[in-house]
Structures are given as structure tokens and as C-alpha cells.
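*Asks:* Give me a 3D structure for the following:
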Amino acid sequence: MSVDERAEALASDLGIDKEEVKRDLQNLVSYSVPMDEAVDSLRRKYGDGGGSEPESKAIGEITTDDTNVTVTGRVLTAGKRSIRYQGNEQTITEGVLADSSGTIDYTAWEDFGLSPGDTITAGNAGVREWDGHPELNLGESTTLVFEDELLQVPYEVGGETDLASVTPGDRGLTVEARVIEVETRTIDGRDGETEILSGVLADESARLPFTDWEPRDEIEAGADLLFENVYVREFRGVPSINCSEFTTVSALDRAVEVSDSAPRRPIGDAVESGGAFDIELVGTIVAVRDGSGLIQRCPECGRVVQKGQCRSHGQVEGEDDLRVKAILDDGTGTVTAILGTDLTREVYGGDIDDAREQARDAMDQEVVADSIRETLVGREYAVRGSLSVDEYGANLDASEFAEVTESPAARAEALLAEVGE
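*Replies:* This is a model prediction of the structure:
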């Protein structure tokens with residue numbers, strides 16, 4: 001049965017308005033709630049035309065098995081943005097609610113006027129599963145009361161954070177950062193061609209990519225800015241700061257401290273974290289993988305061509321390029337360090353013309369990769385770049401690549417001194 005048919009049958013059983021039931025049912029189904037479970041949830045909500053009061057729960061007790069709850073908590077963050085929902089533009093408020101037992105993400109589909117620091121009691125708040133965790137939905141059937149007595153919670157209120165602490169899914173955050181890089185781009189948006197800004201933000205803790213969906217004049221290279229009400233998405237395996245039409249961007253009256261170096265971490269810890277935009281890993285090159293040396297790329301999409309075949313464009317005449325895919329190992333884990341044309345040229349000691357000549361003389365393209373292996377394997381390198389981790393493994397797109405000259409003893413002394421601080 002369709003949503004319309006199920007809504008009509010349910011409304012008839014409960015003796016209530018079909019359109020109201022249909023809206024609630026479509027809302028639940030749009031969040032991947034199974035139809036039967038959605039119907040059961042609405043039966044519990046409306047009962048025989050009235051419905052019983054949902055159970056009051058502490059935030060730490062709410063699970064994905066719950067459908068509706070009554071909860072009292074402190075609003076930690078409250079960020080607004082506009083989304084396309086069922087073909088219409090809708091403004092929602094998102095953030096984190098907390099009590100002494102824990103925190104939970106929430107989405108408010110009505111304008112309740114939520115602000116960080118508010119203590120609220122939300123009656124008949126819907127519960128859905130998102131990324132394996134429960135999340136609250138505050139909608140038209142939710143009764144919301146602002147409490148006079150502030151609830152004390154062991155969490156920071158307001159969303160102020162540094163770049164190293166953000167994670168995908170965060171909403172309503174406030175960050176101070178310097179614009180390191182920025183460019184204007186035109187993309188195919190949901191309403192056709194759209195102009196956006198993208199680039200890199202930095203503070204003393206980290207560097208992260210950003211996107212401004214409502215290009216602002218304040219965002220220019222070198223500017224020190226306060227960003228209020230931003231949200232975080234995942235971009236190529238790392239967090240990305242996003243500015244919506246509700247984001248406020250203002251100039252700071254001071255310079256943001258920015259580190260020129262990237263944080264150095266053990267490979268195992270970095271891979272376990274799931275990715276990083278700017279990081280330095282140190283280890284020994286234990287192998288140079290196939291697909292290194294002199295390679296060919298598709299002139300249309302830039303993908304590596306295998307035997308004249310591009311996965312996207314079929315038979316093509318590939319364009320020569322240089323690349324290295326090296327396995328870096330520090331004893332805690334491994335990662336594939338990918339060196340582009342410029343870094344590979346430095347390692348190889350020649351350019352693409354030199355590689356072509358060597359391959360022609362040997363009548364074997366693989367000799368270029370063999371030369372690179374002789375140079376790299378068994379030596380220790382520091383590699384800086386962007387780390388992404390997926391089901392195929394961990395890859396570090398290198399921006400800097402240098403052989404380690406400091407002795408292991410000196411590095412150990414520096415590490416012990418840092419730990420002792």
C-alpha cells in the first residue's frame with residue numbers, strides 16, 4: 001500500500017484528519033523508518049483519537065528502539081540552515097541537547113526559538129536512528145516548554161570550538177580562523193548553476209577545507225574571521241566547515257595564531273581516526289606499489305589509463321604523467337603515500353621527458369618505477385598531506401615529502417620532553 005492509502009486507513013481507524021496523519025507518516029518514512037513501524041508509532045501517538053503521554057526519559061536512556069519521548073535538557077548548540085524537504089524549502093534548527101546523563105542531537109522542524117543555554121522540556125519528541133544513534137525530532141506534535149530553572153550539565157554551552165575538535169555532523173558551531181586559501185567556483189546546485197566560495201581555514205590547532213554557500217565579501221585570503229553558526233560535513237574523508245545563509249561572518253580585531261607545521265601523529269592512530277586534512281606522518285618506505293613511475297592519464301577526467309582504457313571514457317589516448325604510490329610504515333600502521341607530478345619529479349631526479357627516454361631505451365615503462373624504488377625503499381621519510389580512509393585502505397595525498405635526517409634518538413628525546421610538559 002502507498003503512503004496515501006496507509007494514511008487514509010489509519011486516519012479512518014483513529015477517527016482523525018487524514019492530512020495530519022499523512023504528513024506525520026511521510027515524515028517518518030522519509031527518515032527511513034519502516035512503514036509498519038511508522039504506522040505503529042502513529043497509533044501510539046494518537047491512540048483512539050487521544051493518545052497517551054510518552055514516557056519521560058533521561059537523555060542517556062534514550063535508544064533507537066524509542067519512538068516518542070518526553071525529555072528535559074539544556075540546549076548546547078542551535079544552528080539554523082535551509083534544506084529541501086519534500087520538494088519545498090524548509091528552515092530547520094539543529095544542535096545538541098544535554099542533561100547530566102549524556103547528550104543527543106536534535107532537529108527542530110518548527111521555529112521554537114531555541115538558543116544555546118536554554119533549558120527546555122520537550123513533550124512527545126520523536127526519536128529516529130541516525131548513523132546508528134538516536135536523534136530527537138521536534139515537530140508540530142511536540143509540546144515545548146522553556147524552564148525557568150537552568151539545568152546544570154557537565155558540557156560547554158555555545159558551540160565554541162577549535163578546528164581540530166570538529167567532527168562531521170556537528171551543527172551550530174562557532175570558530176575563529178584565518179582564511180589561508182579561497183577561490184570562487186561555479187557548481188551545478190539544486191536550482192541550477194550556483195556560485196560558491198571554497199578554500200582552507202586554519203587556526204593554531206589544524207587546517208580544514210570550507211565551503212561558503214552564500215559567498216561573502218569578508219572571506220578573503222589572509223582575513224582573520226569569526227564564524228558563527230556553521231555546520232560540518234565530511235569532504236573526502238575529512239571534516240569540512242560549511243557556511244549557510246544563517247552563518248554570521250565578522251572580522252576579528254586580532255590575528256589568529258596559525259601553525260606553519262602540520263601535527264605529527266603515529267600512522268596507526270591517524271588511520272584509526274578516519275582521516276585528516278593536514279597531517280604529517282613519519283615512517284619507512286617498505287614498498288613502491290604498481291601504478292607508480294611513468295603512467296598515462298585520461299585527457300577527459302584525469303583517471304589513470306590501463307592498456308589504453310579509461311574506466312569512464314573507454315578507449316582513449318592517454319597523456320603521460322609521473323606518480324608514486326609508496327607504502328609508509330612506522331610500526332603502528334601503514335598508509336599509501338601518493339606523490340603527484342612535482343614531488344615525483346624531485347624523487348626521480350628527472351621530468352616526464354626523461355622518464356619517456358628511459359622507458360624507450362629499456363623498451364619497458366616499468367624501469368622508471370624501478371628507479372624510484374631503488375631511491376625510496378628502506379629509507380625513512382616525513383610526509384605531509386591529506387589523509388583519507390575508506391574500505392580500500394588509507395591514502396595520504398602528499399603536499400610535502402622529505403627524507404628524515406634527525407636521528408631516532410633525537411626524536412625520542414623530543415617526544416619524551418613533549419610528554420613531560
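
*Asks:* Can you list the buried residues in the host helix or strand of Thr248?
*Replies:* When elements are assigned from DSSP states H and E, Thr248 belongs to strand 238-251. Under the neighbour-count criterion of 16 or more other C-beta atoms under 10 Å, strand 238-251 has 238-244, 246-247, 249 buried. In this view, the C-beta of every residue, glycine as well, is placed from N, C-alpha and C.

*Asks:* Can you pick out the most distant pair from these?
*Replies:* Using C-beta to C-beta, these span at most 23.6 Å, a distance reached by Val238 and Phe246.

*Asks:* can you map out the helices along this structure?
*Replies:* With helices called from DSSP state H, the chain shows them at 3-14, 18-30, 35-46, 267-273, 341-348, 352-362, 366-376, 408-420.

*Asks:* in the protein, which residue is closest to the centre?
*Replies:* For the chain, Glu234 is the residue whose C-alpha lies nearest the centre (C-alpha atoms, centre = their mean; 1.9 Å).

*Asks:* just to revisit the earlier point, Ser388: which of the buried residues of strand 238-251 is nearest?
*Replies:* Val238 (6.9 Å).

*Asks:* Does that closest one touch Ser273 like I think?
*Replies:* No. Val238 sits out of contact with Ser273 when judged by C-beta atoms under 8 Å, with a separation of 9.8 Å.

*Asks:* Name the residues linked to Ala276 by a beta bridge.
*Replies:* Residues in a beta bridge with Ala276, per DSSP bridges, are Leu387.

*Asks:* quick one: strands adjacent to the strand holding Thr248?
*Replies:* Strand pairing for strand 238-251, determined by DSSP bridges: strand 207-212 (parallel), strand 224-235 (antiparallel).

*Asks:* Let's see the pLDDT reported for Gly95.
*Replies:* Model confidence at Gly95, given as pLDDT, is 95.

*Asks:* If you could redo that for Thr247, that was the one I meant.
*Replies:* We note a pLDDT of 96 for Thr247 in this prediction.

*Asks:* Nearest residue to it in space, please, no chain neighbours.
*Replies:* Nearest residue to Thr247, sequence neighbours excluded (C-beta to C-beta, 6 or more residues apart in numbering): Asn229, at 5.0 Å.

*Asks:* The one you found: neighbouring residues, count only.
*Replies:* Using other C-beta atoms under 10 Å, Asn229 has 21 other residues around it.

*Asks:* quick one: Val324 and Tyr381, what's the gap?
*Replies:* Applying C-beta to C-beta, to the nearest Å, the value for Val324 to Tyr381 is 11 Å.

*Asks:* Where in the protein is the helix or strand with the lowest mean pLDDT?
*Replies:* Scoring the helices and strands of the chain by mean pLDDT, DSSP states H and E places helix 408-420 at the bottom, with a mean of 60.

*Asks:* List every C-alpha atom in the strand holding Thr248, with coordinates, as CSV.
*Replies:* C-alpha atoms of strand 238-251 as CSV (Å, rounded to 0.1, in the frame of the first residue of the first chain):
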residue,chain,number,x,y,z
VAL,A,238,37.8,14.7,6.5
PRO,A,239,35.6,17.4,8.2
SER,A,240,34.7,20.4,6.2
ILE,A,241,33.3,23.7,7.6
ASN,A,242,30.1,24.9,5.9
CYS,A,243,28.6,28.4,6.0
SER,A,244,24.9,28.7,5.2
GLU,A,245,22.7,31.8,4.7
PHE,A,246,22.3,31.8,8.5
THR,A,247,26.0,31.9,9.2
THR,A,248,27.4,35.2,10.6
VAL,A,249,30.9,36.1,9.5
SER,A,250,32.7,39.1,11.1
ALA,A,251,36.3,40.4,11.2
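
*Asks:* distance between it and the chain's centre?
*Replies:* 14 Å (C-alpha atoms, centre = their mean, to the nearest Å).

*Asks:* just stretch 159-169 next, same as before
*Replies:* Relative to its chain's centre, stretch 159-169 lies at 11 Å (C-alpha atoms, centre = their mean).

*Asks:* So for that stretch, mean pLDDT?
*Replies:* Average pLDDT, stretch 159-169: 92.

*Asks:* Pull up the distance across that stretch, start to finish.
*Replies:* Terminal residues of stretch 159-169 are spaced 13 Å apart (C-alpha to C-alpha, to the nearest Å).

*Asks:* outside of that stretch, which residues touch it?
*Replies:* Applying C-beta atoms under 8 Å, 6 or more residues apart in numbering, the set of residues contacting stretch 159-169 from outside is 76-77, 79, 95, 105, 116, 131, 170, 172-175, 177, 201-208, 232-234, 239-241, 263.

*Asks:* hmm, back to that, can you list residues touching both of Val324 and Tyr381?
*Replies:* Listed as contacting both Val324 and Tyr381 by C-beta under 8 Å, 6+ apart are Ala337.

*Asks:* With neighbour numbers in mind, choose between those two.
*Replies:* Remark: of Val324 and Tyr381, Val324 carries more neighbours, 26 against 19, as counted by other C-beta under 10 Å.

*Asks:* what's near enough to touch the residue lying closest to that one once chain neighbours are set aside?
*Replies:* Nearest residue to Val324, sequence neighbours excluded (C-beta to C-beta, 6+ apart): Leu339, at 3.9 Å. If a contact means C-beta under 8 Å, 6+ apart, then Leu339 has 323-326, 347, 398, 401 as its contacts.

*Asks:* before we move on, what about Ser259?
*Replies:* When contacts are counted by C-beta under 8 Å, 6+ apart, Ser259 touches 202, 204-205.

*Asks:* can you do 10 Å?
*Replies:* Counting by C-beta atoms under 10 Å, 6 or more residues apart in numbering, Ser259 makes contact with 202-207, 278.

*Asks:* And for Asn242?
*Replies:* 81, 171, 209-213, 227, 230-233, 235.

*Asks:* which residues does it form a beta bridge with?
*Replies:* For Asn242, the beta-bridge partners under DSSP bridges are Thr211, Tyr231.

*Asks:* Please read off the pLDDT at it from the model.
*Replies:* Listed pLDDT for Asn242 reads 96.

*Asks:* Please report how far Asp330 lies from Val383.
*Replies:* Applying C-beta to C-beta, the value for Asp330 to Val383 is 11 Å.
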